[in-house]
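A.B. asks: Give me a model of this one.
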Amino acid sequence: MKIYNNLQDFKSEKNSIITLGTFDGVHLGHKAILDKLVTQASEKNLESLVLTFFPHPRMVLQKDHNLKLLNTIEEKSELLNKIGIQNLIIHPFDNEFSRLSAEEFVKNILVDKLHIKKIIIGYDHRFGRNRTATIDDLIDFGKIYDFEVEQISAEELNEVTISSTKIRNALDNGDIELANQYLGYDYFLSGKVIGGKKIGRTIGFPTANIEIPEDYKLVPKNGVYIVSSLYKGQTIYGMINIGNNPTFTDKDYSLEVYFLDFDEDLYDQTLTISFIKYIRKELKFDSVEELKVQIEKDKEFTLSYLNL
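C.D. replies: Numbers count the residues shown, from 1 in each chain. Purely as a prediction, here's the structure:
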């Protein structure tokens, strides 16, 4: 897959079939559209192209600085690549871009720049300045500029009943299984293993402290979860604690992973952690011994759940 960081960099001799949107999560609802795109690109000898934007338009237009996203740009690119998309344009979204009229967007970008022959889009998609243009406007532009519009009907979208917002809500509530069901894969995050206070090692449960560089990446709600990671080609399982470790009053917010039957130095390595199941909320214990007993119970539950 070729990745372009703005519209100006895109160059192709072939005509394209495209879809556009934020595609946060690249969930099963998105995949229904993206699979159509890949299939029809092959059938019609067109380049498949996804046009997406960063920052998320809500962050720019609504100043929604609290919006957390399901994917970083790198994660989204990886997921789209797996689906088989040939070209991905990640265009910087700003106020100037948002002020393009519908016809400027269609003629200057879709037609003149991207050479589209077909666009696949949801029936409720709106575009252009103040999002005033509708799918009917797009169909009219298609007749003028010679491209086909395929709209995903309300019935098709309602069959899926999946949205990025629903997935964010599920993760905020610790409902990992529902989120994973909607996503079609285990929710994951990536970060570097950094030095911690090594408290876990002193009580027999050494942990890897994960630092996520992107502050807009959604982290599930505080608590303990069953997780997995791929390390040197092998799947390793463990438990992650997200929160402030209230048993130790001087602990800052952290993401600490204890891997089962694993004892290798992970410092400075980047790990991808996939979430499997929520175990319990974070608790404050009266003693380190009580904490050790609870972690042992969590470990037993994890082993049983995974049939290990």
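A.B. asks: Give me the secondary structure label for V193.
C.D. replies: strand (DSSP: H, G, I helix; E, B strand; the rest coil).
A.B. asks: Quick check: buried residues in stretch 74-85?
C.D. replies: 75-80, 83, 85 (16 or more other C-beta atoms under 10 Å). Yep, even glycine has a C-beta here, placed from its N, CA and C like the rest.
A.B. asks: K232: which of those residues is nearest?
C.D. replies: K232 lies nearest to E78 out of the buried residues of stretch 74-85, by C-beta to C-beta, at 19.1 Å.
A.B. asks: Quick check: buried residues in the helix or strand harbouring E177?
C.D. replies: Assigned by DSSP states H and E, E177 belongs to helix 176-183. Neighbour counts over helix 176-183 (16+ other C-beta under 10 Å) mark 176, 179-180, 182-183 as buried.
A.B. asks: Between these, which sits nearest T302?
C.D. replies: I176 (13.3 Å).
A.B. asks: State whether the closest one and I276 are indeed in contact, as I suppose.
C.D. replies: Yes. Between I176 and I276 there is a contact at 6.8 Å, judged by C-beta atoms under 8 Å.
A.B. asks: Mind listing the shared neighbours of those two?
C.D. replies: Y225 (C-beta atoms under 8 Å, 6 or more residues apart in numbering).
A.B. asks: Next up, the contacts around K36.
C.D. replies: K36 touches 120, 150, counting by C-beta under 8 Å, 6+ apart.
A.B. asks: what do you get for H65?
C.D. replies: M59.
A.B. asks: ok, now S163?
C.D. replies: Residues in contact with S163 (C-beta under 8 Å, 6+ apart) are G29.
A.B. asks: measure it to A170 for me?
C.D. replies: Distance, S163 to A170, by C-beta to C-beta, to the nearest Å: 11 Å.
A.B. asks: try K31
C.D. replies: According to C-beta to C-beta, K31 stands 17 Å off from A170.
A.B. asks: Which one of the buried residues of helix 176-183 is nearest to I109?
C.D. replies: Comparing the buried residues of helix 176-183 against I109 with C-beta to C-beta places L183 closest, at 29.7 Å.
A.B. asks: Does that closest one touch K166 like I think?
C.D. replies: No. Using C-beta under 8 Å, L183 makes no contact with K166, being 10.5 Å away.
A.B. asks: tell me the helices in the stretch 51-200 of the chain, going along the chain?
C.D. replies: Assigned by DSSP state H, counting those that start in this stretch, the helices in the stretch 51-200 of the chain fall at 57-61, 73-83, 95-98, 102-104, 135-145, 154-160, 164-172, 176-183, 199-202.
A.B. asks: Now the shortest one: average pLDDT?
C.D. replies: Read that as helix 102-104. For helix 102-104, the mean per-residue pLDDT is 91.
A.B. asks: contact partners of it?
C.D. replies: 127-129, 132-133, 137, 141.
A.B. asks: Out of these, which end up buried?
C.D. replies: If you count burial by 16+ other C-beta under 10 Å, the buried members of those come out as 127-128, 133, 137, 141.
A.B. asks: dump the residue contacts of the residue nearest the centre of the chain.
C.D. replies: The chain has N71 as the residue nearest its centroid, 2.4 Å off, counting by C-alpha atoms, centre = their mean. By C-beta under 8 Å, 6+ apart, the contact list for N71 reads 24-26, 79, 217.
A.B. asks: got a list of what the nearest residue to Y231 once chain neighbours are set aside touches?
C.D. replies: Using C-beta to C-beta, 6 or more residues apart in numbering and skipping the chain neighbours, the partner closest in space to Y231 is L271 (7.3 Å). By C-beta under 8 Å, 6+ apart, the residues touching L271 are 190-193, 208, 210, 229, 231, 257.
A.B. asks: Look up which residues are beta-bridged to I116.
C.D. replies: S16 (DSSP bridges).
A.B. asks: pLDDT below threshold where in the protein?
C.D. replies: Residues of the chain meeting the criterion pLDDT under 70: 64, 123, 154-160, 196-204, 248-251.
A.B. asks: sorry, back to before: which of the contacts of L271 are buried?
C.D. replies: 190-193, 208, 210, 229, 257.
A.B. asks: Would you confirm that F54 contacts I90?
C.D. replies: Yes. F54 is within contact range of I90, at 5.4 Å (criterion: C-beta under 8 Å).
A.B. asks: Need the overlap of contacts for those two.
C.D. replies: I73.
A.B. asks: how far away is the residue nearest to the centre of the chain from E214?
C.D. replies: Using C-beta to C-beta, one obtains 10 Å as the distance from N71 to E214.
A.B. asks: Now flag whichever of the buried residues of stretch 74-85 is closest to L46.
C.D. replies: I85 (12.4 Å).
A.B. asks: check contacts around that closest one.
C.D. replies: Contacts of I85 were listed using C-beta under 8 Å, 6+ apart, and they are 1, 34, 37-38, 48-50.
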